[in-house]
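Trainee: Show me how the following folds:
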Amino acid sequence: MDRSKKEALVAELREAFETSNLVVVTSQSGMTVSEVSDLRQKMRDAGASYKVTKNTLAKLALKGTKFEHLDEVFTGPTAIAFSQDPVAAAKVVTDYRKTNEKVTIVAGGLDGSGLDAAQVDALAKLPSLDQLRAKLIGVIQAPATKVAGVLQAPGAQLARVFSAYANSN
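Mentor: Just a heads-up that it's a prediction; the model follows:
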């Protein structure tokens, strides 16, 4: 790989580190190209990305970012999962690991804080940002639905009384 390609890759990685809220560093020893492609597709579907990279280039890209503390975990065959959603990348890697034992979580970072593999697993069990938004909307809409039901109840009861009176005569 020539110098200009390396510089472009470092710049791309630096941008990913700066714009992401979650970074998961994985070890993916022995994965085939089709397995990596499958994992990348699942990441894209979840709004995340997965990149296999050289450790030296990743370490260069980490300098000066909020994930600089991950520098020491880049040893051996590693790949990086990024997402702006604080749980998306962790969920996909954790779910994929259930079917493919070649992927292991080495470490992670959430908004600059370091995470070990167990913490990444715990993060993956949390609901995603979209799921939390849906729950919040449901909670907000519930009182309005109940108010509408309460307001309709007297009118419905009155209509049943009139119907019963009309049918009895």
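Trainee: would you say L13 is within a helix?
Mentor: Yes: judged by DSSP: H, G, I helix; E, B strand; the rest coil, L13 forms part of a helix.
Trainee: which one is it nearest to, not counting chain neighbours?
Mentor: In space, and not counting its chain neighbours, L13 is closest to A61: 3.5 Å by Cβ to Cβ, 6 or more residues apart in numbering. Placement of C-beta: from N, CA and C, glycine included.
Trainee: burial measure for that neighbour, as a count.
Mentor: For A61, the tally of surrounding residues (other Cβ atoms under 10 Å) stands at 23.
Trainee: Give me the secondary structure label for it.
Mentor: Reduced to three states with three-state DSSP, the structure at A61 is helix.
Trainee: which residues in this structure form helices?
Mentor: Taking DSSP state H as the criterion, the chain contains helices spanning 3-19, 33-45, 55-62, 88-99, 117-124, 129-168.
Trainee: Give the buried residues for the last one.
Mentor: When neighbours are counted by 16 or more other Cβ atoms under 10 Å, the buried residues of helix 129-168 are found to be L129.
Trainee: Equivalent analysis for the first one, please.
Mentor: Applying a neighbour-count criterion of 16+ other Cβ under 10 Å, one finds 9-10, 13-14, 16-17 buried in helix 3-19.
Trainee: which residues sit against it?
Mentor: With contact meaning Cβ atoms under 8 Å, 6 or more residues apart in numbering, helix 3-19 is reached by 1, 23, 49, 51, 53, 57-58, 60-62, 64-67, 80, 82, 84.
Trainee: mean confidence score for it?
Mentor: Average pLDDT, helix 3-19: 89.
Trainee: what angle separates it from helix 55-62?
Mentor: Angle between the axes of helix 3-19 and helix 55-62 is 50 degrees (criterion: axes from the mean of the first three to the mean of the last three Cα atoms, to 10 degrees).
Trainee: In CSV, list the C-alpha atoms belonging to helix 3-19.
Mentor: Backbone C-alpha positions of helix 3-19 (Å, rounded to 0.1, in the frame of the first residue of the first chain) are rendered in CSV as follows:
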residue,chain,number,x,y,z
ARG,A,3,1.8,6.3,1.3
SER,A,4,-1.1,8.3,-0.1
LYS,A,5,-3.5,5.4,0.4
LYS,A,6,-2.3,5.0,4.0
GLU,A,7,-2.8,8.7,4.6
ALA,A,8,-6.3,8.5,3.2
LEU,A,9,-7.1,5.4,5.3
VAL,A,10,-5.8,7.1,8.4
ALA,A,11,-7.9,10.2,7.7
GLU,A,12,-11.0,8.1,7.1
LEU,A,13,-10.5,6.2,10.4
ARG,A,14,-9.8,9.4,12.3
GLU,A,15,-13.1,10.8,11.0
ALA,A,16,-14.9,7.6,12.0
PHE,A,17,-13.4,7.9,15.5
GLU,A,18,-14.4,11.5,15.8
THR,A,19,-18.0,11.1,14.6
